[in-house]
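Enquirer: Please work out how this folds:
(2 chains)
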2 protein chains.
Amino acid sequence: MSQAYEELTTRLGEIVDLGQAAAVLHWDHRTMMPRNGAGARANQLGSLSKIIHTKFADPELGKLLDEAAPWAEDQGYDSLEASLVRVVRRDYDKLVRVPPELSAELARTAAIAEPVWEEARKASDWAMFQPHLEKLIDLRRQYVDCFDPADEDYDHLLDNYEPGMKTAEVRTVFDELKAGLVPLIADVVERAEAVDASFLEGDFPIDAQKRVEGKILADFGFTNDSWRLDETVHPFASRSGMDDIRLTTKHLPDSLSSIFSSMHEFGHGIYEHGGDRAFERTPLARGASLGFHESQSRMWENLVGRSRPFWQHYYPLIQEAFSSQLNGVDAEGFYRAVNRVRPSLIRIEADEATYNLHIILRFELEQEMITGRLAAADIPEAWDAKMMEYLGVDVPDVADGALQDAHWSGGSIGYFSTYALGNVVSAQLWQRISKEIPDVYEQIGRGEFTQLREWLREHLHQHGRKYMPKELMERVTGSKLDPKPLLAYLRGKLGEIYGL
Amino acid sequence: MSQAYEELTTRLGEIVDLGQAAAVLHWDHRTMMPRNGAGARANQLGSLSKIIHTKFADPELGKLLDEAAPWAEDQGYDSLEASLVRVVRRDYDKLVRVPPELSAELARTAAIAEPVWEEARKASDWAMFQPHLEKLIDLRRQYVDCFDPADEDYDHLLDNYEPGMKTAEVRTVFDELKAGLVPLIADVVERAEAVDASFLEGDFPIDAQKRVEGKILADFGFTNDSWRLDETVHPFASRSGMDDIRLTTKHLPDSLSSIFSSMHEFGHGIYEHGGDRAFERTPLARGASLGFHESQSRMWENLVGRSRPFWQHYYPLIQEAFSSQLNGVDAEGFYRAVNRVRPSLIRIEADEATYNLHIILRFELEQEMITGRLAAADIPEAWDAKMMEYLGVDVPDVADGALQDAHWSGGSIGYFSTYALGNVVSAQLWQRISKEIPDVYEQIGRGEFTQLREWLREHLHQHGRKYMPKELMERVTGSKLDPKPLLAYLRGKLGEIYGL
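Expert: Got it, this is the predicted structure:
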């Protein structure tokens, strides 16, 4: 083995260890930590993050990458060695472009902006948040200036979440999606109002919710040896080792949202659990992009977990668990209720169809912010206009409008689009899966998920970050990013439910 | 402020952050982690520990200590600055004496020996463990050779747990303790057999145990804002910040041991919770020694939690919680049962009096091992002889004899004595407390612990590691380490219970 490569993997192994340690600390912060531990925890995470940055941006690491590259490439494009050098080279080149002072200033500004955003949202007061957003946008522009010019400045921001993806490509996909979704939603919205979903609000004892989701997750592939599920405020999935996968959820006594959210987080978890074991302690042991990650969570939540066969199988379980609440409701009624389309104000409460328009709105506004065509002061007005245009929804106050999400206050610009890209990718993958496992829905209707899970592992999960998202897409589906399968899926499903 | 001092505290702050991060990882390992996460966790902890070592043993840190010392000393002996430089200087000088290769070899050997010890204990087979212990003793001798000769080689091992304590001093204290305890125990053992403690084994529903210990801990000073209590296999206390204190316990459905073990761990937790807030992010934010630490856990478990006034107050609570199991038992009967003296095989199950003899036995054997007067092969025989001599107990097999504890397999030699030193110190402190708070037991009899807790914070906890254990002892009690208060306490308590 090349000595440089060996030294490189030793250094990367240490960096990955520290990153996984930080993952445990973040998970603990959001699930277990006594409230007053926050100060010490911020110091611990700050020190870890500084050491990780210093070790990764070390010029010696750059030299090792240079030295190891010829030998690694000789191992073949698909080899662990060539892939590791390729992926880390790209990460390294991006990282060293950004002065540590700018990164620190971004982190500091976000740390100040986040509690202000919380207050501003409570007070529904955009002006309170606006100067912080202005500063964050300015810093993000300085970030963009660290790199060679791209087709569009926004490309550099998108690249942090979807490596190699161009703004223009996403725009094309989203424009087609919007053109298809706006009329589809307008068509079904009135009929969907007639669907009875009143029984989805009421009395759902949390112990019974836990039994139901425990059974579903176990059928999916969750085992106590390698997984946990805990309570949190904003659910997420975390990994501190390929065999240490932690899902979180929020049980509400009057809603079944946790069941869907647990299936969603399972999708994230199984992606990282399914990576090639040779990737452990390397930066390849993650998802190819946030869009691909979201494709997995959306697939298990929606394509699996909101399908008719799924509820034909699991409805008896849930009806037995909540027998008085679901009295008189049958599997078909339940299936229709959990698929009700209803344009609404809040992204995270949106259904499978309208959700994408919430994202497209944000994607469009972010570009305007970065180009400077839209001043921070004018965002709420632009937001409200798009909400009316795309969803026919009137925004009564900015708390439920442009102030609803935390992302911007954390300095994250370019992140939102990955949610809708995830939907697009999930439908493309499903089209392929349906060809290769023609009876996939029959299997789901029997509560069998092994073949689906294994297919995903073999074709997607095992590759981790080895390939760029576009490359991976071509390999798995044989085609480019394309909104047609998602549109076809939604048209088919909603058309059938609402009899279009 | 001295620039060197400022740079020193920055470096130490980072080291402390990493240590606290490791504490979270250790806690998580033993309470939360899915079993299959162990491999990744070992890597994470290994990398953290390596980085901590490298940063602490950095010659630059040594230089900063030199440069900062004159200015720090000018701030006065008791100042944070002078104390920090004094304590860290001592740690640093010890650390750099030991070649990293030797530390690594010790860690590696222990990592191999621990699972072998577990197997050997299961098989009750000393020969299986013996070669590993021989290697560990040899490495510990090499460790001793890294330092300038002391009065006895064992001093260097003891120093890792009781800084500045000499073997000869401990020997003197332990000899006096043994001379007092052996006849005292022999005197009470027969009468103690007549005490009915049969009701301490039976049906103790875990939910009810949790209610009882939750109430006791809350009265002690446990709050959900800064503390947690979780389930584990071998209970311990952990701190990842002065306001992030984590106790652990093991609930058994047929025993009340968790209630006493929780009070014990509370004592460890409140010690670190009570440190001067200016010590956060410095190496001063810990206990002065393991003996002092144990003095706090033993105090809350025994001097408080096995006292008559305590049970006069809490017995109604526990009787209500386990009404059928404790049917016909009164507070006095319960008090006597939880104080029953009974020589037994296993250290961790021993009562307040016999416990010390289990420790003295180990302290004596460890010295023989290190001087080489006793070969590893001969330990079980020597062990069994002392068990008979000190406690009149016949050891039926080595699993319940010399193989019962994990410490040696982890390479810890010198650790055991701190348990009995803790008992000695706790009684010395209690003597002082009884003078300064004459009605302390009346307060305990009303479930009031504020004045006791505050006294401990003011006189002991707030000082963290600022003073050497001997120095601290003189400051808090005005006397040297002395077994007489412990002997007087046990003679008084047992004499009264058993009518000597």
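Enquirer: For the stretch 251-400 of chain A, list the residues in contact with chain B, please.
Expert: Contact residues (C-beta under 8 Å from any C-beta of the partner chain) of the stretch 251-400 of chain A with chain B: A:280-281. All C-beta spots, glycine's among them, are computed from the backbone N, C-alpha and C.
Enquirer: how about the helices of the stretch 251-400 of chain A, start to end?
Expert: Secondary structure of the stretch 251-400 of chain A (DSSP state H, counting those that start in this stretch): helices located at A:257-273, A:290-298, A:308-321, A:331-337, A:355-371, A:379-386.
Enquirer: Repeat that for the stretch 401-500 of chain A.
Expert: According to DSSP H, counting those that start in this stretch, the helices that the stretch 401-500 of chain A contains are A:417-436, A:440-445, A:450-459, A:469-477, A:484-498.
Enquirer: Compare these and report which one is nearest to B:Asn43.
Expert: Among these, helix A:450-459 comes nearest to B:Asn43, with 23.1 Å by C-beta to C-beta.
Enquirer: low pLDDT regions in chain A?
Expert: For chain A, no stretch has pLDDT under 70.
Enquirer: 80 instead, please
Expert: Along chain A, segments meeting pLDDT under 80 span A:1.
Enquirer: what's the closest non-adjacent residue to the residue positioned nearest the centre of it?
Expert: Taking C-alpha atoms, centre = their mean as the criterion, A:Glu294 is the residue nearest the geometric centre of chain A, at 3.9 Å. Leaving aside its chain neighbours, A:Glu294 sits nearest to A:Gly422 (2.4 Å; criterion: C-beta to C-beta, 6 or more residues apart in numbering or on different chains).
Enquirer: What's the local residue count around A:Gln130?
Expert: By the criterion of other C-beta atoms under 10 Å in any protein chain shown, A:Gln130 has 17 neighbours.
Enquirer: Specify the residue ranges that define each domain of chain A.
Expert: Chain A breaks down by automatic domain parsing into domains covering A:1-97, A:113-500.
Enquirer: Are the first one and chain B in contact anywhere?
Expert: Yes. In terms of C-beta under 8 Å from any C-beta, part of domain A:1-97 sits within range of chain B, namely A:13-14, A:17-18, A:20-22, A:24-25, A:28, A:32-37, A:39-41, A:43-44, A:46-48, A:50-51.
Enquirer: Quick one: end-to-end distance for that domain.
Expert: With C-alpha to C-alpha, to the nearest Å applied, domain A:1-97 spans 30 Å between its terminal residues.
Enquirer: chain center to stretch A:325-333, what's the gap?
Expert: 31 Å (C-alpha atoms, centre = their mean, to the nearest Å).
Enquirer: what's the span of it, first residue to last?
Expert: First residue to last in stretch A:325-333 (C-alpha to C-alpha) measures 13 Å.
Enquirer: Would you tell me which of the helices of the stretch 251-400 of chain A gets closest to B:Val304?
Expert: The nearest among the helices of the stretch 251-400 of chain A, by C-beta to C-beta, is helix A:257-273 at 42.2 Å.
Enquirer: any idea how far A:Ala168 is from A:Ser289?
Expert: Distance from A:Ala168 to A:Ser289, counting by C-beta to C-beta, to the nearest Å: 17 Å.
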